[in-house]
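Student: Predicted model and sequence below, questions to follow.
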Amino acid sequence: MGFYGLIGTLYGIFLWLTIFWDIGGGYNEFNQDKGQIMIFRWGFPGKNRKVEFNCTTENVQSIKVDIKEGLNPRRAIYLRLKDSRQIPLTRVGQPLALSQLENEAAQLAKFLQVPLEGL
């Protein structure tokens, strides 16, 4: 019992530190004037705490919507690049409502002037 209590305590500390450090938090920035896309996320403390991804808007192939229903539903928007990489744009947690997901994906595809996949 002491082993399971210790593991539970360590796991709880890990979860609280993850919340405190805001792991995975960040923002997406789309600049049409400069033709740049910047995606920023916070990681675990250390030399690689800041995770930044920069690319140009001409490298974007499409906006992909991934909808999976069932016991563990997943609703996500991906930035699909010409070199077959898919960068997630939505936050982790509660899945977005379908109408909100469709509106955000359509507005982003219209703003970047790329096709919308997955609907």
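Tutor: Everything's here; your move.

Student: now the helices for the protein?
Tutor: 2-21, 98-112 (DSSP state H).

Student: Let me know whether Val114 touches Val60 as I believe.
Tutor: Yes: counting by CB atoms under 8 Å, Val60 is a contact partner of Val114 at 5.3 Å. (C-beta placed from N, C-alpha, C; glycine too.)

Student: Comparing the two, which residue is more hemmed in?
Tutor: Val60 (20 against 17; other CB atoms under 10 Å).

Student: what's across from that one in the sheet?
Tutor: For Val60, the beta-bridge partners are Leu81 (DSSP bridges).

Student: One more: Ile77?
Tutor: Going by DSSP bridges, Ile77 forms beta bridges with Val65.

Student: likewise Ile87?
Tutor: Under the criterion used here (DSSP bridges), Ile87 is bridged to Leu79.

Student: OK, contacts around it?
Tutor: Ile39, Phe53, Tyr78, Leu79, Leu81 (CB atoms under 8 Å, 6 or more residues apart in numbering).

Student: In this structure the first one contacts Phe53, no?
Tutor: Yes: look at Ile39 against Phe53 with CB under 8 Å: they come within range, at 4.3 Å.

Student: Which of the two has more residues huddled nearby?
Tutor: Ile39 (18 against 14).

Student: Now do the more buried one, the pLDDT please.
Tutor: Note for Ile39: predicted pLDDT of 91.

Student: ok, it - contacts?
Tutor: Per CB under 8 Å, 6+ apart, neighbours of Ile39: Gly26, Tyr27, Asn28, Glu29, Glu52, Phe53, Asn54, Leu79, Ile87, Leu89.

Student: Which among those count as buried?
Tutor: Listed as buried from the contacts of Ile39 are Gly26, Asn28, Leu79, Ile87, Leu89; burial here means 16 or more other CB atoms under 10 Å.
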